[in-house]
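Q: A predicted structure for the sequence below; I have some questions about it.
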Amino acid sequence: MSNESHTTDFCKGQIIYHPKWLTPKNSNKYLSQLKQSLPWKSDKIRFMGKQHSIPRLHAWIADSNINYSYSGISLEINPWSTATRELKMLCEQSCQHSFNSMLANYYRNGKDSNGWHADNEKELGQNPLIAIVSFGQVRRLSIRSNDNHKEKLDYDLANGSLIIMKGELQHQTQHCLRKTQKDCAERISLTFRLTNA
Ligand SMILES: O=C(O)CCC(=O)C(=O)O
Ligand SMILES: [Fe+2]
């Protein structure tokens with residue numbers, strides 16, 4: 001895959017990938033800052049009638065009236081910090097879109113993951129634009145179409161990269177970040193959203 005930004009039309013939506021959105025130096029600085037300063041939480045979700053620990057840590061940063069809940073958990077609202085506000089503004093410029101909330105994920109090692117899902121909660125509106133900034137270990141984001149998974153795309157998300165999902169993508173596709181056996185250091189992703197109150 002090239003090092004230049006590129007747009008791919010996929011399932012009535014677009015995926016825009018900027019592999020070198022931030023410099024390596026800035027990315028590494030943010031990685032250690034975010035790791036230390038975000039209010040990381042371990043959580044349990046209900047699935048098939050049972051409680052399961054989610055295989056990662058997460059944190060919800062949002063404007064004061066913007067709540068987050070899915071699969072029976074609701075996350076505490078934390079305020080923007082200097083670093084998260086800075087990154088939100090940079091993302092807003094790149095996406096030409098505003099955000100009021102961010103779900104941060106911390107994958108401690110290759111056993112941490114994020115299962116197949118779509119970001120299609122009704123609070124995100126009809127065709128949400130989701131922007132994901134990655135720090136640390138390269139991990140693979142897979143995207144598959146809902147119609148029998150006929151179409152599939154993989155992105156190896158680089159340190160300091162930005163990937164944008166827009167259009168009908170959250171209705172037509174699902175995405176995941178698989179576990180890996182490979183030697184795997186930590187990764188943080190920030191997923192910016194515009195959530196209705
Ligand atoms: O960590 C990632 O890159 C994906 C995160 C994600 O899909 C989500 O938080 O909804
Ligand atoms: Fe997602």
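A: Great, that's in hand. Ligands and ions are numbered 1, 2, ... in the order given.

Q: who in this protein is up against ligand 1?
A: L103, N105, N114, D119, I132, L141, L157, H175, L177, S189, T191 (Cβ under 6 Å from any ligand atom). Any C-beta I mention is one placed from the backbone N, CA and C, and that applies to glycine too.

Q: so which helix or strand takes in C176?
A: strand 173-177 (DSSP states H and E).

Q: same deal with Y106?
A: Per DSSP H and E, Y106 falls inside strand 101-107.

Q: How about S32?
A: helix 24-37.

Q: Next, the angle strand 101-107 makes with that helix.
A: 90 degrees (axes from the mean of the first three to the mean of the last three Cα atoms, to 10 degrees).

Q: Setting aside sequence neighbours, what's the nearest residue to the closest residue to ligand 1 within the chain?
A: Ligand 1 sits closest to S189 of the chain, with a gap of 3.3 Å, by Cβ to the nearest ligand atom. Leaving aside its sequence neighbours, S189 sits nearest to N105 (Cβ to Cβ, 6 or more residues apart in numbering; 4.7 Å).

Q: what's around that neighbour, how many residues?
A: 21 (other Cβ atoms under 10 Å).

Q: Span of stretch 137-148 from start to end?
A: Terminal residues of stretch 137-148 lie 30 Å apart, using Cα to Cα, to the nearest Å.

Q: just to revisit the earlier point, give me the next element, helix or strand, following the helix holding S32.
A: Sequence order places strand 44-47 as the next helix or strand after helix 24-37, per DSSP H and E.

Q: Let me know the average pLDDT across that following strand.
A: The average pLDDT for strand 44-47 rounds to 83.

Q: how about it as CSV, C-alpha atoms only?
A: Provided in CSV are the C-alpha atoms of strand 44-47 (Å, rounded to 0.1, in the frame of the first residue of the first chain):
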residue,chain,number,x,y,z
LYS,A,44,-17.8,-5.9,30.9
ILE,A,45,-20.4,-6.2,28.3
ARG,A,46,-23.5,-8.5,28.1
PHE,A,47,-23.4,-10.8,25.2
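
Q: now for that strand, which elements pack on it?
A: Applying 3 or more Cβ pairs under 8 Å, 6 or more residues apart in numbering; DSSP states H and E, we find strand 44-47 packed against strand 50-53.

Q: Can you check what angle separates the following helix or strand past the strand it packs on from strand 101-107?
A: Toward the C-terminus, strand 50-53 is succeeded by strand 57-62 as the next helix or strand (DSSP H and E). If you take the same axes, to 10 degrees, strand 57-62 sits at 170 degrees to strand 101-107.
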